[in-house]
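# the following block contains a protein sequence and its predicted model.
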Amino acid sequence: MPIALTRPVSPNMAECELTHFERQPIDIALAEKQHEEYEDVLRALGCEIVHLPELEFHPDSVFVEDCAVVLEEVAIITWPGAETRRGEVHSVAEALEPYRKKIYYIEDPGVLDGGDVLVVGKQIWVGMSSRSNTAALLQMQQILAPLGYLVQGVKVKNCLHLKSAVTAVGPDTLLLNPDWIDASIFEDFNIIETHPDEPGAANALLIGEDVVYPADFPMTALRLAEAGIELFLVDNSEVIKAEGGVTCCSVVF
Ligand code: CIR
């Protein structure tokens with residue numbers, strides 16, 4: 001049974017980090033309700049939810065994906081690019097201890113957000129963004145090359161993370177916004193493009209063969225459905241205002 005690590009929404013989420021988005025009011029009660037519904041969908045898809053402790057004074061702490069990359073063999077604890085988020089990693093490392101024999105840590109001068117790490121089988125792309133750098137990419141390569149992973153850096157523009165621009169929606173299918181990432185990097189994959197009116201729609205969470213997807217992007221959802229992909233829709237309005245997506249709110253392994 002897959003494990004999904006999640007953390008409650010911070011009551012201070014409205015003070016979240018924002019890079020490309022204008023600040024908008026966030027309804028915390030609604031964010032909490034949406035997060036519970038997201039967890040219900042993960043449970044319905046067979047995940048066991050493991051709750052991390054609430055971090056009231058870390059506004060972005062619901063976005064647990066940024067703190068760890070968990071692979072079959074090892075876990076890597078990140079060193080988030082935003083200083084305000086570095087206090088989030090300790091409890092994630094602690095929670096992962098029972099599940100992985102070997103836990104590595106990204107170290108200064110490396111900075112890495114899990115949102116910049118796209119894993120498809122043994123291929124890993126690391127977004128070179130405002131949050132993740134070459135030093136972290138080199139550390140990832142050192143840790144993972146001996147385990148047979150091909151780890152490559154890829155330039156991210158106009159958005160926060162690599163996975164704001166591209167995510168997997170099947171074993172050989174990617175959902176991608178061509179304005180934010182160079183699609184030719186992924187020439188071996190089937191590509192579904194986001195609808196031009198929904199630039200933020202490339203973030204989908206693939207669990208096994210199931211895809212958790214925000215109901216907030218109906219036109220891209222239609223494209224996915226037309227491609228034969230079954231979607232499990234969640235309302236994600238408050239997370240989206242905080243520049244997050246569906247992958248960000250859990251670490252599934
Ligand atoms: C941040 O800027 O760090 C948060 N407001 C959003 C993080 C979203 N995380 C993700 O896409 N993996």
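Arrived safely, thanks for sending.

# next, count neighbours for the residue of the stretch 151-253 of the chain found nearest the ligand.
The stretch 151-253 of the chain approaches the ligand most closely through residue 248 (3.4 Å), counting by CB to the nearest ligand atom. (Glycine included, C-beta is placed from N, CA and C.) Neighbour count for residue 248, taken as other CB atoms under 10 Å: 26.

# equivalent analysis for residue 7, please.
Number of residues near residue 7 (other CB under 10 Å) recorded here: 25.

# who's in contact with it?
Applying CB atoms under 8 Å, 6 or more residues apart in numbering, we find residue 7 in contact with 51-55, 61-62, 64.

# at 6 Å what do you get?
Residue 7 sits next to 52, 61-62, 64 when contact means CB atoms under 6 Å, 6 or more residues apart in numbering.

# repeat for residue 81
Counted by CB under 6 Å, 6+ apart, residue 81 has contacts 111, 113, 131-132.

# with adjacent residues omitted, what lies nearest to it?
residue 131 (2.9 Å; CB to CB, 6 or more residues apart in numbering).

# hmm, residue 113 and the one you found touching each other?
Yes - if you go by CB atoms under 6 Å, residue 131 and residue 113 touch, sitting 4.1 Å apart.

# of the contacts of residue 7 - the most surrounded one?
residue 62 (29 neighbours).

# any low-confidence regions in the stretch 51-200 of the chain?
Nowhere does the stretch 51-200 of the chain drop to pLDDT under 70.

# closest residue of this protein to the ligand?
The nearest approach of the chain to the ligand comes at residue 115, 2.5 Å away (CB to the nearest ligand atom).

# so that residue sits in a strand?
No - assigned with DSSP: H, G, I helix; E, B strand; the rest coil, residue 115 falls outside any strand and is helix.

# what's around the residue nearest to it when sequence neighbours are not counted, how many residues?
Spatial nearest neighbour of residue 115, excluding adjacent residues (CB to CB, 6+ apart): residue 161 at 3.3 Å. By the criterion of other CB under 10 Å, residue 161 has 31 neighbours.

# now distance to the ligand and neighbour count too, for the contacts of residue 81, in JSON lines please.
JSON lines is the format used below for the contacts of residue 81 (distance: CB to the nearest ligand atom, whole Å; neighbours: other CB atoms under 10 Å):
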{"residue": "111", "distance to the ligand": "12", "neighbour count": "22"}
{"residue": "113", "distance to the ligand": "6", "neighbour count": "30"}
{"residue": "131", "distance to the ligand": "7", "neighbour count": "25"}
{"residue": "132", "distance to the ligand": "11", "neighbour count": "30"}
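
# what residues does the stretch 51-200 of the chain have near the ligand?
60, 63, 65-66, 82, 85, 115, 160-161, 163 (CB under 6 Å from any ligand atom).

# make TSV from the residues you listed and add secondary structure to it.
Below are these laid out as TSV (three-state DSSP):
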residue	secondary structure
60	coil
63	coil
65	helix
66	helix
82	coil
85	helix
115	helix
160	coil
161	coil
163	helix
